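Enquirer: I'll drop the sequence and a predicted model, then ask my questions.
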Amino acid sequence: MNVSELEVRLGELADQAVAELAQVARKEDAIQVKNRYLGKKGVVQELMQVLPSLAHEDKRIAGQASNQCKSAIEQAYEGQLARLERDELARRMESERIDVTLPARRPPVRSGHPLRQVEEELIDIFAEMGFDVAEGPEIESDFYNFEALNFPPDHPARDMQDTFMLDDGRLLRTHTSPVQIRTMLGYAPPLRVISPGRVYRVDSDITHSPVFHQIEGLLVDTNVTFADLKGTLAHFAERCFGPGTPVRFRPSFFPFTEPSAEVDIGCIFCACKGCRVCSNTGWLEVLGSGMVDPNVFDAVGIDSKKYTGFAFGLGVERIAMLKLGINDIRLFFENDLRFLRQF
C-alpha cells in the first residue's frame, strides 16, 4: 500500500467512525466505537503497520494523515459524549420536575404517646362533668401523702418496702391524693377537681411499674351522697368503654374514704361471659372509690357535719391496657418505636 492509498483509507476510516459515533445512544457504546478505531489493537493502529515500509518523505505524509484521522474521531467522540450528557440531563429534569406551586408533603402527624392519648381522653370525660384539673408536686411530705389522708402510723404503705423515701424525710408521692389535700387547704367548698399525674411505688412486673400515672377525683359539697358517686362513675364507664357498659361496686377499704368500694366494669373482651382476661369472672376492676372520711375533712379544716364528698382514683396504664389490648405495662416505658408507631 502506497502513501496515497493510505491517506484515502485513513479518511474513509475517519468518516466511518464519525458516522457510527453519531448513531450511538449510550456512553458505553461510544467508548466501544472509539476503542475499535483508536485502541492499541484498533483499525487505525493496524493500518499504520505499513509505515516502516514507506519512504522517508511518505512517512511524514502518512503521519499527518493518521493524526488527522485520530483527531476527527476524537472530536466526534467528545462531541457525542457532550450530546449524550445533555440529553440525559434534559431527561432527568423532565422526569424529576417539581411543581413548586403544589403544597408541600405534610409529615405524618402522631397523636402522642398512647398513655398521653388515654390520659387526655379521661381528662376530657371528667371535664364534661364539670371537674377542674389540679396539679401538685411529685415530691411530698408525710403529712400530705399519708397523715392528712387518715393513714395510721403503722400502715404498710408507710414502709420503705412500698414507698420511695428520700434522705430528708420526704418521699415520692404514692398517689395523687396529696393534690386533693392541697386543694381542700387552699380553697373553700364546693370543690370538684381531678388530679392527673405520675406516682411512684416499689413494685415492678408485667402489670406494675415503679412509676405510673393516676387520675384521682374529688367532689365536696353539701348533701353529696353515695348515689352521686355511683352516677358519676357509671357515666364515666359508659363514656370511656361504650354505652351500656355494666358497672358494679364491691365493698372495700381505703384509709381516706368510708364507705369504700372497688369499681368493676363488665368485661369488654367477652361481654361478661368469662374469659382469660377477666379470669372467667366476667368483670374487670378499673378503679377505687368511696365517700371522703370525716377525719380527712377534719385534717384540712372543712366542717364534716356540713359538707360531704366522694373521691375516686384510677390508673391510666390500667385503662390504657384494657382499651388498647396491651398485656405488658413495660411496653409503655421502653420507647420502642415499633410499638409507639401503632398509635
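Expert: Arrived safely.
Enquirer: so where do the strands sit in the stretch 51-200 of the chain?
Expert: Using DSSP state E, counting those that start in this stretch, the strands of the stretch 51-200 of the chain run over residues 132-133, 139-140, 171-172, 191-200.
Enquirer: okay, these in CSV with distance to C272, mean neighbour count and mean pLDDT next?
Expert: (C-beta placed from N, C-alpha, C; glycine too.) Below are these laid out as CSV (distance: least, Cβ to Cβ, whole Å; neighbours: other Cβ atoms under 10 Å; pLDDT from 0 to 100):
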stretch, distance to C272, mean neighbour count, mean pLDDT
strand 132-133, 33, 14, 96
strand 139-140, 39, 18, 95
strand 171-172, 38, 20, 92
strand 191-200, 28, 20, 96
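Enquirer: care to break the protein down by domain?
Expert: Domain assignment for the chain by automatic domain parsing gives 3-95, 114-340.
Enquirer: the first one: end-to-end distance?
Expert: Between the opening and closing residues of domain 3-95 lies a distance of 53 Å (Cα to Cα, to the nearest Å).
Enquirer: what do you get for the longest one?
Expert: When the termini of domain 114-340 are compared using Cα to Cα, they are 7 Å apart.
Enquirer: distance between that domain and the chain's centre?
Expert: Distance, stretch centre to chain centre, for domain 114-340: 27 Å (Cα atoms, centre = their mean, to the nearest Å).
Enquirer: report the rounded mean pLDDT for the host helix or strand of A19.
Expert: Using DSSP states H and E, A19 maps to helix 3-23. In this model, helix 3-23 has an average pLDDT of 83.
Enquirer: same deal with stretch 212-229?
Expert: 96.
Enquirer: also stretch 89-109?
Expert: Across stretch 89-109, pLDDT averages out at 79.
Enquirer: beta partners for E140?
Expert: In this entry, E140 is beta-bridged to L171, by DSSP bridges.
Enquirer: before we move on, the earlier item: worst mean pLDDT among the domains of the chain?
Expert: Mean pLDDT values for the domains of the chain show the minimum at domain 3-95, a mean of 84.
Enquirer: could I get the full set of helices for the stretch 51-200 of the chain?
Expert: Here the stretch 51-200 of the chain has its helices, by DSSP state H, counting those that start in this stretch, at 56-95, 114-128, 142-145, 177-186.
Enquirer: please identify the deepest-packed of these.
Expert: Of all those, helix 177-186 carries the top mean neighbour count, a mean of 22, counting by mean count of other Cβ atoms under 10 Å.
Enquirer: tell me what angle it forms with strand 191-200.
Expert: Between helix 177-186 and strand 191-200, the angle comes out at 140 degrees (axes from the mean of the first three to the mean of the last three Cα atoms, to 10 degrees).
Enquirer: okay, buried residues for stretch 326-343 please.
Expert: Of all the residues in stretch 326-343, those buried under the rule 16 or more other Cβ atoms under 10 Å are 326, 329, 331-332.
Enquirer: likewise stretch 299-314?
Expert: Quick answer for stretch 299-314 (16+ other Cβ under 10 Å): 299-300, 302, 307-314.
Enquirer: would JSON lines of these with distance to I268 be doable?
Expert: As requested, those are exported to JSON lines (distance: Cβ to Cβ, whole Å):
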{"residue": "A299", "distance to I268": "38"}
{"residue": "V300", "distance to I268": "37"}
{"residue": "I302", "distance to I268": "38"}
{"residue": "Y307", "distance to I268": "36"}
{"residue": "T308", "distance to I268": "32"}
{"residue": "G309", "distance to I268": "30"}
{"residue": "F310", "distance to I268": "25"}
{"residue": "A311", "distance to I268": "25"}
{"residue": "F312", "distance to I268": "19"}
{"residue": "G313", "distance to I268": "20"}
{"residue": "L314", "distance to I268": "15"}
